[in-house]
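Novice: what would the 3D arrangement of this be:
(2 chains)
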Amino acid sequence: MTLSLVDLLSWACLLGGGFFGIVGGIGLVRLPDLFTRFHAAGITDTLCTALIAIGLMLQSDSWLVSVKLLLILAFLFFTSPTSTHALAKAALHGKLKPLRYKGKEGASSST
Amino acid sequence: MSHAISVAVVLYGLWLLLSGHYVPLLLGLGVLSVLVVLFIATRMDVVDKEGYPVHLGPRALLYWSWLAWEIIKANLAVTRHILSPRLSISPTVVRVKATQKSELGKVIYANSITLTPGTVSIDIDGPYISVHALTRDFAADLRTGDMDRRVTDFVNEA
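Specialist: Sure thing, here's the model as predicted:
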């Protein structure tokens, strides 16, 4: 059995999406507070979802299915920031203070 | 009125795409659904420039492709921070000014900030958006105002 180019691309996208999903999960565990964890969830919301959806689009054999996947992706990209913002606002309203970096100025990572 | 017609066309196109069955019964039900949705949307008063920003047109694609690239870059940066053994983060909260005049513009800007991992907009106060950044570098990047400028250009030149 030989892999077509489309299959190869599709698998690369799916595996990439899986990788970023795991990174998002690791981030949720490793990061110290709710506000920093949003950033890890942001990875799962954007690149992970997008790669998996694109990988699945390449796998589908009818373009109607691809369009549906594209619509799912579009709706996710519109709704996920809204829900993140609602969560953040609720947390602030509930008097949860974000952790702040207390190190020396400029001593932070300079990547 | 022209707005309503254009909404109806888009809605019916969406119905055709999602249904995939082109028989008279389903096509007719589609027309019925579009009319009901249009009626409700008109009563809710959301068929306007804000609820249906079609005037942004093709420039949306330009902005989205720029945003997509920013999102990919930010994803890789956050991934690096998460996987780095000493968890090199420096959480910061900054206030940035949104120069967009319309609420739609501000929403697009705030959502773009949140969509880019590493920065989350947590509060809006008049023209100012409070942003939580994972590291100082993300905050500094946002402070340059590049994204703000691009959103303003994208929304205003209608």
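Novice: how much space between the residue nearest the centre of chain B and chain A?
Specialist: Nearest to the mean C-alpha position of chain B, by Cα atoms, centre = their mean, lies B:Ile108 at 4.6 Å. Distance check for B:Ile108 against chain A: by Cβ to the nearest Cβ, to the nearest Å, it reads 10 Å. Just so you know, the C-beta spots here come from the backbone N, C-alpha and C atoms, and that holds for glycine as well.
Novice: excluding sequence neighbours, find me the nearest residue to that residue.
Specialist: B:Val151 (5.5 Å; Cβ to Cβ, 6 or more residues apart in numbering or on different chains).
Novice: check A:Arg37 too.
Specialist: Here the residue nearest A:Arg37, using Cβ to Cβ, 6+ apart, is A:Leu31, at 4.9 Å.
Novice: check contacts around that neighbour.
Specialist: A:37, A:39-40, B:82, B:87, B:89 (Cβ atoms under 8 Å, 6 or more residues apart in numbering or on different chains).
Novice: please enumerate the helices of chain B.
Specialist: B:2-19, B:24-44, B:59-83, B:103-115, B:136-143, B:146-156 (DSSP state H).
Novice: could you check the angle the last one makes with helix B:103-115?
Specialist: Right, helix B:146-156. 150 degrees (axes from the mean of the first three to the mean of the last three Cα atoms, to 10 degrees).
Novice: what is helix B:146-156 packed up against?
Specialist: Identification of packing neighbours for helix B:146-156 by 3 or more Cβ pairs under 8 Å, 6 or more residues apart in numbering or on different chains; DSSP states H and E yields helix B:59-83, helix B:103-115.
Novice: can you give me the buried ones in it?
Specialist: Of all the residues in helix B:146-156, those buried under the rule 16 or more other Cβ atoms under 10 Å in any protein chain shown are B:147-148, B:150-152, B:154-155.
Novice: determine which two of those residues are furthest apart.
Specialist: Farthest-apart pair in those is B:Met147 and B:Val155; separation 12.4 Å (Cβ to Cβ).
Novice: relative to helix B:59-83, how tilted is the lengthiest helix in chain A?
Specialist: Secondary structure of chain A per DSSP H: the longest helix is helix A:63-93. Orientation check (the same axes, to 10 degrees): helix A:63-93 against helix B:59-83 gives 60 degrees.
Novice: please state the offset of helix A:63-93 from the chain centre?
Specialist: Offset of helix A:63-93 from its chain centre (Cα atoms, centre = their mean, to the nearest Å): 11 Å.
Novice: and it, which residues are buried?
Specialist: For helix A:63-93, by 16+ other Cβ under 10 Å, it's A:66-69, A:73, A:77, A:80-81, A:84-85, A:87-88, A:91-92.
Novice: repeat that for stretch B:108-122.
Specialist: By 16+ other Cβ under 10 Å, the buried positions in stretch B:108-122 come out as B:108-122.
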